[in-house]
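**Student:** Okay, here's the prediction I keep looking at, along with the sequence it came from:
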Amino acid sequence: MLRLEELPRPEPGPGQARLRLTHRPINPSDLLTVSGDYGRLPRLPATPGFEAVGRVEALGEGVSGWRAGDRAIPLSAGGTWCESVVVDAARLLPVPDAVSDATAAQFVVNPVSAWVMLEQELALRPGEWVLQTAAGSTLGRLVLQIAQLRGYRMVNLVRRPEQVEELLALGADAVFCTEAGNVVERVRELTGGGVRGALEAVGGATGALAARCLRPGGVMLVYGMLGGEPLPLHNGEMLFRGLTVRGFWLTYWFRNTPPDRTLGTLTTLMQLMAEGHLVPPVEASYDLADFRAAVAHAARPGRRGKILLTG
């Protein structure tokens, strides 16, 4: 159960900094943590939230390169649904002036996941076809932006018919409603036999449908469980078409990726944000104290952007 509590303001120790947080997104991973269904759960009582942006408020002994008022993103902080958080200064990422607070607050979970899955895990080439489920989600819209920037061709699956025209207006190559029927046949005809890769976040029948849209030898990355149902896979489809279906969890990527490659990825993405190429959408903002209404909004289907906790 979520509740609001007043706690003492944390003080930074040597090598640490305290941030006064201003914007915090509500991600599916946050809601899964609250419900106890996420892959990594904190010891209770705990504060939810995996990402945020804020301003440096105080510095511990031995910290250099930062001043009070500097904007920063805390990497691997955890517990960001609060006013102030203390983190190791080495785990702070500076925010360029050209990047808004609403964008910077969403820098880690969705943009990094979208970029790494497309660029590193699938290693797509310009002109290749890739499919995604939950295309109307915040991550799905970032995938669209990256695909347009890098020259990938996108098949987008949505669950509501009204999302088809909306995503086409954003520049999507193709959008199919999973309720319309003949989706696999239409995708294979459009792509000349199927897509090379797929990003899957729903599970259940939608995830199985996405796997059937792969070309022989194709790869599907499973990065979410929005539908709450297990992913049924057909043995024959996997065996005789040589398909690969595997999970992608950003936590594992950060844990197993060499620091220089991680830094290179983060630097590239921050530059793309500063240039306006990547802009995660926001649907609404709520004061931190109004978290119940914000969580209820975040859990509603059909959103066109992220819900932020501010203040």
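**Tutor:** Everything's here; your move.

**Student:** what does the helix ranked longest in the chain rub up against?
**Tutor:** The helix spanning the most residues in the chain, taking DSSP state H as the definition, is helix 259-274. Counting contacts by CB atoms under 8 Å, 6 or more residues apart in numbering, the residues outside helix 259-274 that touch it are 93, 95-96, 98-99, 103-104, 107, 111-112, 115-116, 120, 149, 254, 257, 278-279. Glycine gets a C-beta too; all of them are placed from N, C-alpha and C.

**Student:** Give the other helices and strands that the following helix or strand past it contacts.
**Tutor:** Following the chain from helix 259-274 toward its C-terminal end, the next helix or strand by DSSP states H and E is strand 282-287. Based on contacts counted as 3 or more CB pairs under 8 Å, 6 or more residues apart in numbering; DSSP states H and E, the elements that strand 282-287 packs against are helix 291-298, strand 306-310.

**Student:** for these, which one sits closest to G204?
**Tutor:** Between G204 and the helices and strands packed on strand 282-287, the shortest separation by CB to CB is 20.9 Å, and it involves helix 291-298.

**Student:** What average pLDDT does that closest one get?
**Tutor:** Taken as a whole, helix 291-298 carries a mean pLDDT of 96.

**Student:** What residues sit buried inside it?
**Tutor:** Neighbour-count burial for helix 291-298, counted by 16 or more other CB atoms under 10 Å, picks out F291, A294, V295, A298.

**Student:** quick one: contacts for the residue lying closest to G78 once chain neighbours are set aside?
**Tutor:** Distance criterion CB to CB, 6 or more residues apart in numbering; nearest residue to G78, sequence neighbours excluded, is F50 at 6.4 Å. Applying CB under 8 Å, 6+ apart, one finds that F50 lies in contact with N27, S29, D30, G78, T80, V108, V109.

**Student:** swap in R150?
**Tutor:** The neighbourhood of R150, defined by CB under 8 Å, 6+ apart, consists of L118, E119, L124, P126.

**Student:** Could you list the low-confidence segments of this protein?
**Tutor:** By pLDDT under 70, the weakly predicted segments of the chain are 77.
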